[in-house]
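Student: sequence and predicted structure are below.
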Amino acid sequence: VSVLFMKFNLQEARLDAHSTVRELNLLFCKLDNLVAAHPHTYKVETVGGEYVVSSGCPEACEAHACALSALAMEAMQIVQRRTWSTGVPIRTSMGLHCGSLAAGVAGRAAPRFRLFGDTINTASR
């Protein structure tokens, strides 16, 4: 299984709360379309200015690292030469890691599919 974390420079952009939501929505919709166009990739979640994608989970894929590497390269092209509404260039830092993990739904209130383990922790750094 491979996991890709993309973190965006929201603090540097100095957006107000409404602009943050609006601009992240535009950016994340572009990334959602990219994930949909790449077979064997799955959007896991977004948290603040982070976007998380997996390959090989929830469906097995032998070429999970290749699938996420290709997606990461295209994601970088989406971000290049774009700016936040404040004029600050959009920047991203990415972490990609391969390994084992556990996946499932935790909790009853607002349940959602989550990934757990060292693979997640390493990719997020």
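Tutor: Received it, and whenever you're ready, just let me know what you need.
Student: and the residue sitting furthest away from the middle of the chain, how far from Leu4?
Tutor: Relative to the centre of the chain, the most outlying C-alpha is that of Arg108, 24.2 Å out, by Cα atoms, centre = their mean. To Leu4, Arg108 is 29 Å away according to Cβ to Cβ, to the nearest Å. (C-beta placed from N, C-alpha, C; glycine too.)
Student: and Tyr51, by the same measure?
Tutor: Distance check for Tyr51 against Leu4: by Cβ to Cβ, it reads 8 Å.
Student: same thing with Arg114?
Tutor: 16 Å.
Student: those two: which is more packed in?
Tutor: The residue with more neighbours, out of Arg114 and Leu4, is Leu4; 24 against 16, by other Cβ atoms under 10 Å.
Student: you'd agree the more buried one is in a strand?
Tutor: Yes - assignment of Leu4 by DSSP: H, G, I helix; E, B strand; the rest coil places it within a strand.
Student: for the residue farthest from the centre of the chain, pull up the helix or strand it's in.
Tutor: Element membership of Arg108, judged by DSSP states H and E, is empty: it is in no helix or strand.
Student: pLDDT-wise, which helix or strand of the protein ranks last?
Tutor: helix 118-124 (a mean of 79; mean pLDDT, DSSP states H and E).
Student: which strands and helices sit next to that helix?
Tutor: Judged by 3 or more Cβ pairs under 8 Å, 6 or more residues apart in numbering; DSSP states H and E, helix 118-124 is in contact with strand 2-8, strand 92-98.
Student: quick one: buried residues of the last one?
Tutor: When burial is assessed from 16 or more other Cβ atoms under 10 Å, strand 92-98 yields the following buried residues: 92, 94-98.
Student: list the buried ones in the helix of greatest length in the chain?
Tutor: As assigned by DSSP state H, the longest helix anywhere in the chain is helix 17-37. By neighbour count on 16+ other Cβ under 10 Å, the buried set for helix 17-37 is 20, 23-24, 27-28, 31, 34-35.
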